[in-house]
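Colleague: Dropping a prediction and its sequence here:
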Amino acid sequence: MFKRILVPLDGSELAERALPLAQSIAQSSNATIHLVQVVSRLPEAEAGRSGDSILAAELERDAARQLVEGRITRGKEYVGSVAAQLENAGIEVTTAMLEGGAAENIVNYTREHGIDLVVMSTHGFGGLKRFFLGSVTDRVIRSCEVPVLVVPCS
């Protein structure tokens, strides 16, 4: 039934709650799991806007780029370790590190890689907190062209 399952990860235990369900589905349908982590470029994009001096702006941008590169390095290690656990359980795994907006990258990845199912968790925010913070899960559900299986936070 499902051949390619996407599980977005952000390094949190909450995001990892989607893994057992995705693993079970993958094992029962002989599917490949795609583990994706998206790293925000916000620190880099915001750097250098203070308008102090050209040198200060360059130093700020360099520090922000190093921050993003560090996140990418740690993300690759993290996703690699999760992939190894799934591979040890006999599941084929593909990994990807993406940069930019989480929801947009997740939706684009599903299109580009022929994903059949997205399995992800949600924080379960409601009301004003959800309005102000937004919800990656909500945006994925509304934009994705494939089924999205949501694992609740509790």
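Modeller: Great, that's in hand. Only a predicted model underlies this, so the values are computations on that prediction, with no experimental measurement involved.

Colleague: pLDDT averaged over the longest helix that the chain contains - what is it?
Modeller: Determined from DSSP state H, the single longest helix within the chain is helix 54-88. Across helix 54-88, pLDDT averages out at 86.

Colleague: May I have the strands that pair with the next helix-or-strand element following that helix, each with its orientation?
Modeller: Next along the chain after helix 54-88, taking DSSP states H and E as the criterion, comes strand 93-99. Here strand 93-99 is paired, per DSSP bridges, with strand 32-39 (parallel).

Colleague: quick one: the partner strand to helix 54-88, angle?
Modeller: 160 degrees (axes from the mean of the first three to the mean of the last three C-alpha atoms, to 10 degrees).

Colleague: Convert strand 32-39 to CSV, retaining C-alpha atoms only.
Modeller: Once non-C-alpha atoms are left out, strand 32-39 reads as follows in CSV (Å, rounded to 0.1, in the frame of the first residue of the first chain):
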residue,chain,number,x,y,z
THR,A,32,11.1,3.0,2.6
ILE,A,33,11.2,5.6,5.4
HIS,A,34,12.5,9.1,4.4
LEU,A,35,13.8,11.0,7.4
VAL,A,36,13.9,14.7,6.8
GLN,A,37,15.2,17.5,9.0
VAL,A,38,14.7,21.1,8.0
VAL,A,39,17.2,23.7,9.4
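
Colleague: what residues does it touch?
Modeller: Strand 32-39 is contacted by residues 3-11, 22-23, 26, 68, 71-72, 75, 78-79, 82-83, 86, 91-102, 105-106, 109, 113, 115 when judged by C-beta atoms under 8 Å, 6 or more residues apart in numbering. Just so you know, the C-beta spots here come from the backbone N, C-alpha and C atoms, and that holds for glycine as well.

Colleague: likewise stretch 114-121?
Modeller: 1-8, 14-18, 21-22, 25, 31, 34, 106, 109-110, 137, 140, 144, 146-153.

Colleague: List the ones among those that fall in strands.
Modeller: Of the contacts of stretch 114-121, the ones assigned to strands by DSSP state E are Arg4, Ile5, Leu6, Val7, Pro8, His34, Val148, Leu149, Val150, Val151.
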